[in-house]
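A.B. asks: got a predicted structure plus its sequence, pasted below:
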Amino acid sequence: MEKIHRLLSPLSRYLIPCLFLSLLTACGGDSGDGAVAPSGENEPPVTFVEKQFIDLTSDEQGLYRFGSDGSVSLLKSQGTVGSVSESLGERNGIAYFVGGAGQGLWRTDGTGDGTYQVELGLEASSAGGIVYNDVLYFSGRSAVYPGFALWKLVDEETGPRFVVNTRGAVTDSAVPSEFFEYDGHLLFSAYTDDGAGGTNEKLFIGTGTADNETLIDSSVSSMDGFDSDVALSFKGKLYFRGGAGTYGSGGKGYVLYRSDGTPAGTEVLADINETSEWASNAQITNLVSVGDYFIFPANNAEDDDSNGSYDNREIWASDGTAAGTAMIRDLHPGSSNIASLVSTGATAYFVARAEGSTMAEIWRTQGTDGTTAMIDNVDGDAYLYADGEQMIAVSGGIGDGYVVSFLNGAGNGFTPLGTFTNSVDYAFSLGERLFVLSDSDPDGWKELWVYSQGDDSFTQVEVGEGSLLGISAH
């Protein structure tokens with residue numbers, strides 16, 4: 001039988017008490033096979049991940065549960081739950097997700113009996129969702145409200161409720177997405193009618209009620225890329241990348257916004273890329289906070305090696321003011337490729353690569369030139385992952401192998417945990433166990449590997465005796 005694996009579209013990452021979408025920690029109760037799961041009262045937080053796993057021996061794809069004791073079991077097979085396509089959030093020990101052939105709203109408490117579709121006839125969008133004020137908000141539609149609009153779930157006994165459609169009619173799809181919470185308010189991006197038969201995608205702020213959804217600023221359109229992953233609550237204000245009109249229409253392209261949550265209090269903090277060249281996007285891809293600053297990569301389009309490409313992407317910092325927003329350091333002549341920007345709270349780490357170089361450099365910064373330093377480099381690739389205050393680094397390349405290490409932020413030291421022949425994807429951690437994905441053979445499937453602190457090496461994760469777990473490597 002041909003093995004069919006499914007790699008999910010990227011999910012927003014949420015820390016939750018004891019559950020995640022395709023991987024479930026043991027949270028108590030009965031499992032799908034009747035076994036009693038260990039108590040989950042002391043389970044550490046884990047992370048929604050972006051993979052759907054399959055038993056590489058039996059081809060059994062579905063929801064798997066992981067216990068803090070290292071046990072793994074199939075919770076629900078794909079034949080029951082269908083294809084899981086999006087995590088929506090966690091509330092009161094229940095994880096909600098989009099699943100099934102009809103893309104319904106599903107829930108799970110980590111047990112077989114507690115995994116089911118919340119309400120038949122309701123379709124949930126893969127645009128995502130959020131738990132706000134202990135209520136699940138998501139994009140959904142039904143026969144009565146056939147256009148994708150904002151819905152909420154207060155409790156499962158009363159069922160999901162329609163909230164608001166920002167379009168003119170309930171038959172039109174507003175497709176709420178990019179959910180974000182700021183200062184006690186719910187933010188989301190959704191379509192509005194432009195009055196000429198077309199639509200605009202705008203950023204809304206409200207309190208989750210139909211009569212309190214207002215545009216945060218009518219000039220802020222996510223048509224140019226509002227993204228909740230490029231938004232940050234910092235020192236009581238909201239900072240985000242947003243579109244300020246297209247270059248072709250005289251706009252500024254991507255800019256950095258600051259907002260107090262009101263239309264009047266939303267303004268451009270920094271127009272980092274002031275050229276009108278279409279190819280000179282500001283390239284702000286994420287924001288992380290470290291103490292008195294937030295850090296982000298950006299391109300100010302000052303082509304300092306005169307290659308005519310209008311590229312000068314470097315690392316920037318802001319204290320939340322226009323005057324205090326500036327490049328920390330011009331790391332290399334020309335543009336530096338900045339990637340894997342993560343923060344432990346006190347320090348930010350990132351990977352930089354000079355134009356045309358094969359060397360990947362690992363840097364750290366606390367927002368000033370004096371605290372910015374390169375701590376390692378490798379001829380090949382390097383990727384960083386923040387897991388709370390713990391840093392995980394993957395570095396290396398084909399031929400030399402990929403090394404997985406813990407990074408000691410205080411001493412900038414690396415503790416190698418294991419080496420893999422092929423590239424490594426960080427999956428998640430559970431207590432003292434670190435899980436990664438890597439293909440150890442030429443069969444085209446990435447196996448799930450686990451490292452327990454105190455062990456000498458990674459071992460492959462098994463579901464039952466000798467039955468391995470993994471995903472497609474394609």
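C.D. replies: Nice, I can see it.
A.B. asks: quick check: Leu417 touching Leu434?
C.D. replies: Yes: counting by CB atoms under 8 Å, Leu417 touches Leu434, with 7.1 Å between them. For the C-beta atoms, the positions are set from N, CA and C on the backbone; glycine is no exception.
A.B. asks: so what's in contact with these two at the same time?
C.D. replies: Both Leu417 and Leu434 are contacted by 404, 451, under the criterion CB atoms under 8 Å, 6 or more residues apart in numbering.
A.B. asks: so which of the two has more stuff around it?
C.D. replies: Ranked by neighbour count (other CB atoms under 10 Å), Leu417 and Leu434 place Leu434 first, with 25 against 19.
A.B. asks: pretty sure the more buried one is in a strand, no?
C.D. replies: Yes: the assignment for Leu434 is a strand, going by DSSP: H, G, I helix; E, B strand; the rest coil.
A.B. asks: count of neighbours near the spatially closest residue to Asn92 that is not a sequence neighbour?
C.D. replies: Distances taken as CB to CB, 6 or more residues apart in numbering place Asp134 nearest to Asn92, at 7.5 Å, with adjacent residues excluded. A total of 9 residues lie near Asp134 under the criterion other CB under 10 Å.
A.B. asks: quickly note the distance from Asp134 to Glu123.
C.D. replies: 24 Å (CB to CB, to the nearest Å).
A.B. asks: now Val342
C.D. replies: 35 Å.
A.B. asks: same deal with Val72?
C.D. replies: Distance from Val72 to Glu123, by CB to CB: 31 Å.
A.B. asks: my read: Glu361 touches Ala352, true?
C.D. replies: Yes: counting by CB under 8 Å, Glu361 does reach Ala352; the two are 4.9 Å apart.
A.B. asks: out of these two, which sits in the busier spot?
C.D. replies: Neighbour count, other CB under 10 Å: between Glu361 and Ala352, Ala352 has more, with 25 against 20.
A.B. asks: and for Asp194, the neighbour number?
C.D. replies: Neighbours around Asp194, by other CB under 10 Å: 9.
A.B. asks: so for it, what's the pLDDT?
C.D. replies: You'll see Asp194 listed with a pLDDT of 82.
A.B. asks: contacts only, for it.
C.D. replies: Asn200.
A.B. asks: one step back: gap between the residue nearest to Asn92 and Leu153?
C.D. replies: 10 Å.
A.B. asks: for Met359, same thing?
C.D. replies: 49 Å.
A.B. asks: between the two, who's got more neighbours?
C.D. replies: Higher neighbour count among Met359 and Leu153: Leu153, with 27 against 12, using other CB under 10 Å.
A.B. asks: wait, what's in contact with the closest residue to that one other than its chain neighbours?
C.D. replies: Of all residues not flanking Leu153 in the chain, Leu136 sits nearest, at 4.3 Å (CB to CB, 6+ apart). Applying CB under 8 Å, 6+ apart to Leu136 gives the contacts 88-89, 91, 96, 129-130, 152-153.
A.B. asks: what separates stretch 150-165 from the chain centre, distance-wise?
C.D. replies: Computed by CA atoms, centre = their mean, to the nearest Å, the separation of stretch 150-165 from the middle of its chain amounts to 25 Å.
A.B. asks: how about it: buried residues?
C.D. replies: 150-153, 160, 162-165 (16 or more other CB atoms under 10 Å).
A.B. asks: got the end-to-end distance for that stretch?
C.D. replies: One end of stretch 150-165 to the other measures 6 Å (CA to CA, to the nearest Å).
A.B. asks: repeat for stretch 253-264
C.D. replies: Termini of stretch 253-264 sit 21 Å apart (CA to CA).
A.B. asks: show me what counts as buried in that stretch.
C.D. replies: 253-259, 261.
A.B. asks: ok, which pair from these is furthest apart?
C.D. replies: Gly253 and Gly261 (23.9 Å; CB to CB).
A.B. asks: quick one on the thing from earlier: now tabulate the buried residues of stretch 253-264 in JSON lines and tack on secondary structure and distance to Thr108.
C.D. replies: Shown next, in JSON lines, are the buried residues of stretch 253-264 (DSSP: H, G, I helix; E, B strand; the rest coil; distance: CB to CB, whole Å):
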{"residue": "Gly253", "secondary structure": "coil", "distance to Thr108": "42"}
{"residue": "Tyr254", "secondary structure": "strand", "distance to Thr108": "38"}
{"residue": "Val255", "secondary structure": "strand", "distance to Thr108": "40"}
{"residue": "Leu256", "secondary structure": "strand", "distance to Thr108": "38"}
{"residue": "Tyr257", "secondary structure": "strand", "distance to Thr108": "37"}
{"residue": "Arg258", "secondary structure": "strand", "distance to Thr108": "39"}
{"residue": "Ser259", "secondary structure": "strand", "distance to Thr108": "36"}
{"residue": "Gly261", "secondary structure": "coil", "distance to Thr108": "34"}
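A.B. asks: so where's the stretch 251-400 of the chain uncertain?
C.D. replies: 251-252, 274-281, 302-310 (pLDDT under 70).
A.B. asks: all strands for it, in order.
C.D. replies: 254-259, 266-270, 288-290, 293-299, 313-318, 325-329, 337-343, 348-353, 359-365, 373-379, 381-387, 390-397 (DSSP state E, counting those that start in this stretch).
A.B. asks: what's the closest of these to Ser77?
C.D. replies: With CB to CB as the yardstick, what comes closest out of the strands of the stretch 251-400 of the chain is strand 381-387 (29.4 Å).
A.B. asks: next one: the closest one to chain centre, how far?
C.D. replies: With CA atoms, centre = their mean, you get 14 Å for strand 381-387.
A.B. asks: which secondary structure elements does that strand contact?
C.D. replies: Applying 3 or more CB pairs under 8 Å, 6 or more residues apart in numbering; DSSP states H and E, one finds that strand 381-387 makes contact with strand 337-343, strand 348-353, strand 359-365, strand 390-397, strand 424-430.
A.B. asks: rewinding a little: compare Val72 and Glu123 (neighbour count), which wins?
C.D. replies: Ranked by neighbour count (other CB under 10 Å), Val72 and Glu123 place Val72 first, with 21 against 17.
A.B. asks: check what pLDDT the residue nearest to that one when sequence neighbours are not counted gets.
C.D. replies: Spatial nearest neighbour of Val72, excluding adjacent residues (CB to CB, 6+ apart): Val463 at 5.0 Å. pLDDT recorded at Val463 is 83.
A.B. asks: can I assume Val463 is in contact with Ser73?
C.D. replies: Yes: using CB under 8 Å, Val463 is in contact with Ser73, at 6.7 Å.
A.B. asks: rewinding a little: I'd like the helices and strands packed on strand 381-387 laid out as CSV, including distance to Gly114.
C.D. replies: Listed next are those as CSV, based on distance: least, CB to CB, whole Å:
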stretch, distance to Gly114
strand 337-343, 33
strand 348-353, 38
strand 359-365, 42
strand 390-397, 31
strand 424-430, 20
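A.B. asks: please identify the deepest-packed of those.
C.D. replies: strand 348-353 (a mean of 25; mean count of other CB atoms under 10 Å).
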